[in-house]
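1. My questions are about this predicted structure, shown below with the sequence.
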Amino acid sequence: MHRKHIYAWVLLTAWIAGTGCTTLREVPRSEYAARPQRDHVKITTNEGLDYEFDYVRVDEDTLVGYRERDNDDPVPDIATLSVPLDDIAHLSQRGVDWYRTGIIGGGVLAAVIAAGYAKANKNSDNGNESGGGNKPPIDNP
């Protein structure tokens, strides 16, 4: 495998690992309004209802959630829901878990490096003049 192919595989694997290692992390109540907008949010109300939003905004004492609905029209259909902050039991935001991503990415990188060393050793063994180490050389007349 050529060096540029190895780099492509490493980048592809890192991209897959980075997008696949996400987790929901709870946001403390005091941090709800810390940012004007949060993406990929899940809330649980005091009544036990769960809602997932593409993004939310906090306006004073109300959280407004936005979710794009699937439709066949070229114009997106976005549903909105307003929930008072006092009615929210839990608010979680989905984000990249860098610890898991590092473990998976490091494991994949170690496997790629090990495969490269194995191939390099195999190529250097094939280049021996004796034909493989333990075999006696063949005399050509």
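-> Received the coordinates, thanks.

2. Might you list the low-confidence residue ranges for the chain?
-> 1-3, 13-20, 101, 125-141 (pLDDT under 70).

3. same thing but 80
-> 1-23, 95-109, 122-141 (pLDDT under 80).

4. contacts for stretch 5-14?
-> The contact list for stretch 5-14 (Cβ atoms under 8 Å, 6 or more residues apart in numbering) reads Gly105, Val108, Leu109, Val112, Gly116. Where you see a C-beta, it was placed from the backbone N, CA and C, and this is true even at glycine.

5. and the closest residue to Leu63 other than its chain neighbours, what element?
-> Nearest residue to Leu63 in three dimensions, chain neighbours excluded: Val83, at 5.0 Å (Cβ to Cβ, 6 or more residues apart in numbering). Secondary structure from DSSP states H and E places Val83 in strand 77-84.

6. Packing partners of that strand?
-> For strand 77-84, the packing partners by 3 or more Cβ pairs under 8 Å, 6 or more residues apart in numbering; DSSP states H and E come out as strand 50-59, strand 62-69.

7. what's the angle from the first one to strand 62-69?
-> For the pair strand 50-59 and strand 62-69, the angle between their directions (axes from the mean of the first three to the mean of the last three Cα atoms, to 10 degrees) equals 130 degrees.

8. So which elements touch strand 50-59?
-> In terms of contacts (3+ Cβ pairs under 8 Å, 6+ apart), strand 50-59 is packed against strand 37-45, strand 62-69, strand 77-84.

9. Now do the buried residues in the helix or strand that the last one is followed by.
-> Scanning the chain past strand 77-84 towards its C-terminal end, the next helix or strand to appear is strand 88-96 (assignment: DSSP H and E). Across strand 88-96, burial judged by 16 or more other Cβ atoms under 10 Å covers Ile88, Leu91, Ser92, Gln93.

10. related to what we said a few turns ago, could you tell me which of the contacts of stretch 5-14 belong to helices?
-> Among the contacts of stretch 5-14, DSSP state H puts Gly105, Val108, Leu109, Val112, Gly116 in helices.

11. Restricted to buried residues, select the residues you listed in ChimeraX.
-> Selecting only the buried entries of the ones in helices among the contacts of stretch 5-14 in ChimeraX, with 16+ other Cβ under 10 Å as the criterion:
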select :105,108,112
